[in-house]
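> show me how the following folds:
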Amino acid sequence: MSDYRGWRRLHHLPLALFAITIVAVALGGAVRIHDAGVSCPDWPQCFGTWGFDVSHDEQADWWAENPEEIKTNEDQIQYETWEIFLEWIHRFVTGIILGPLCILQWYFSFKRKESMPEVFKASTIALILVIAQGAMGMITVLYDNIPWSVAAHLTLAMALALSLLWAWVRWMDTEGELPQWMELDPKNANRLRPRLYDLSLSTLVVLILGAFVSSTGGQNLSCGVGTFSAWPLCGGNIFASVVENIQFGHRLAVILVGCWLIWNLRGMERGTIRKLMHSGIGLYVLNLLLGGAYILTWDGAFIEILSLLHLLLGSLSFLCIGFAALLARNATISPTSAEDE
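Prediction:
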């Protein structure tokens, strides 16, 4: 009995790892908006050290010894300590805290894989994704924040967050600790599940396009800035070339997916799924307005904290809808979730 109680205390471990993942996403966003993505130009070290307090002279010495690493303009290859710290702490949270804890979670689930196979699968996927995130982080540094690597880095982070939420839900359900608000009617959940998968994927596409806009040179300015001809219009026009203007493509996707989200509220009974959808759509609409504020408040420079909030709200909107999809899936496979939503 004591051993069983000891295991039960662990079922919130995936939720704690989920929270750390969100912190890592926020730190990654802060690194990007402050152009500190290559403030540690090597990997896994930082200017050949394991710390972050690297003086300008020490940076210059490192650059002189490693001229092949120079990928930016001469006036951009020296960084302040706080910029280096941002990249350093991002790596520390993901590599020293999140990574080892994902290994620990995998070990605990491996010990009980016979009684909770879904938790073991989710923990294995989470561990693989953490390793992939480390590799993608290395690629992002080595290729100087090339846009596709930034988008892939964010996509992997969202996949990791969902895998941890799935492990959390299944772990609680296996031990009979699933909260009542998470227990859905299986028939209704099975009906809504394909729709929720589609809405999750659609919202993720918007998020990925946003990552391309933020990491592709000049795209934040491609529709103009500071006036209403820049937002909601694009360069004073209603339409622009999606091929040449990624920002317009992102905006178009935002509108189409937003309408799709609202349309799909039809037929959703009151309950957990609808509440999560309302939360996701509310964050989505708020984020749309925040994106506009980011463009309109330009006055010689962007207010970069708005860009970070834009990333976080977009991520949380996707995760609300993705979590609804996970609960629907859980209800269709769980023998304990038989109550009405």
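> show me the contacts for Ile20.
93, 97-98, 101 (Cβ atoms under 8 Å, 6 or more residues apart in numbering). Where you see a C-beta, it was placed from the backbone N, CA and C, and this is true even at glycine.
> quick check: of these, which has the highest neighbour count?
For the contacts of Ile20, the largest number of neighbours (other Cβ atoms under 10 Å) sits with Leu98, at 22 neighbours.
> hmm, that one is touching Thr21, no?
Yes - the criterion here is Cβ atoms under 8 Å, and Leu98 meets it with Thr21 at 6.6 Å.
> so, low pLDDT: which residues of this protein?
1-9, 70-76, 243, 334-341 (pLDDT under 70).
> which stretches of it form helices?
Ranges of helices in the chain, per DSSP state H, are 2-8, 13-33, 56-65, 81-92, 99-111, 117-142, 147-174, 186-215, 246-263, 272-296, 304-333.
> make CSV out of the ones you listed and add distance to Phe239.
Formatted as CSV, those follow (distance: least, Cβ to Cβ, whole Å):
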stretch, distance to Phe239
helix 2-8, 57
helix 13-33, 29
helix 56-65, 45
helix 81-92, 38
helix 99-111, 45
helix 117-142, 33
helix 147-174, 23
helix 186-215, 17
helix 246-263, 8
helix 272-296, 17
helix 304-333, 23
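> Ala230: which of those is closest?
helix 272-296 (5.3 Å; Cβ to Cβ).
> now the angle between helix 246-263 and the closest one, please.
Helix 272-296 and helix 246-263 are oriented at 150 degrees to each other (axes from the mean of the first three to the mean of the last three Cα atoms, to 10 degrees).
> what's helix 272-296 packed up against?
Contact here means 3 or more Cβ pairs under 8 Å, 6 or more residues apart in numbering; DSSP states H and E; on that basis helix 272-296 packs against helix 186-215, helix 246-263, helix 304-333.
> and if we set it to 7 Å?
helix 246-263, helix 304-333 (3 or more Cβ pairs under 7 Å, 6 or more residues apart in numbering; DSSP states H and E).
> pick the most deeply packed of those helices.
Scoring these by mean neighbour count under mean count of other Cβ atoms under 10 Å gives helix 304-333 as the most buried, with a mean of 22.
> how close does Ala325 get to Ser215?
27 Å (Cβ to Cβ, to the nearest Å).
> distance to Val130 added to the helices and strands packed on helix 272-296, as CSV?
Formatted as CSV, the helices and strands packed on helix 272-296 follow (distance: least, Cβ to Cβ, whole Å):
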stretch, distance to Val130
helix 246-263, 28
helix 304-333, 17
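> can you say which of those helices is nearest to Asp185?
That would be helix 304-333 among these, by Cβ to Cβ, at 7.0 Å.
> show me how far that closest one is from its chain's centre.
9 Å (Cα atoms, centre = their mean, to the nearest Å).
> could you give the angle of it to helix 272-296?
160 degrees.
> what angle do helix 304-333 and helix 13-33 make?
Going by the same axes, to 10 degrees, helix 304-333 makes 150 degrees with helix 13-33.
> show me what helix 304-333 is packed up against.
helix 13-33, helix 147-174, helix 186-215, helix 272-296.
> which of the ones you listed sits most buried?
For the helices and strands packed on helix 304-333, the highest mean count by mean count of other Cβ under 10 Å goes to helix 147-174, at a mean of 22.
> what's that one packed up against?
Against helix 147-174 (3+ Cβ pairs under 7 Å, 6+ apart) you get helix 13-33, helix 117-142, helix 186-215, helix 304-333.
> distance of Gly95 from Leu101?
11 Å.
> how is this protein partitioned into domains?
1-177, 182-341 (automatic domain parsing).
> where's the longest one relative to the chain centroid, distance-wise?
I take that to be domain 1-177. The mean C-alpha position of domain 1-177 is separated from the chain mean by 11 Å, Cα atoms, centre = their mean.
> the last one too?
Put simply, domain 182-341 sits 12 Å off its chain's centre (Cα atoms, centre = their mean).
> on that earlier part again, which stretch among the helices and strands packed on helix 272-296 comes nearest Val54?
helix 304-333 (23.1 Å).
> that closest one to helix 147-174, inter-axis angle?
Interaxial angle, helix 304-333 versus helix 147-174 (the same axes, to 10 degrees): 40 degrees.
> quick one: helix 304-333 to helix 186-215, angle?
160 degrees.
> and helix 304-333 with helix 117-142, angle?
Using the same axes, to 10 degrees: helix 304-333 against helix 117-142 is 160 degrees.
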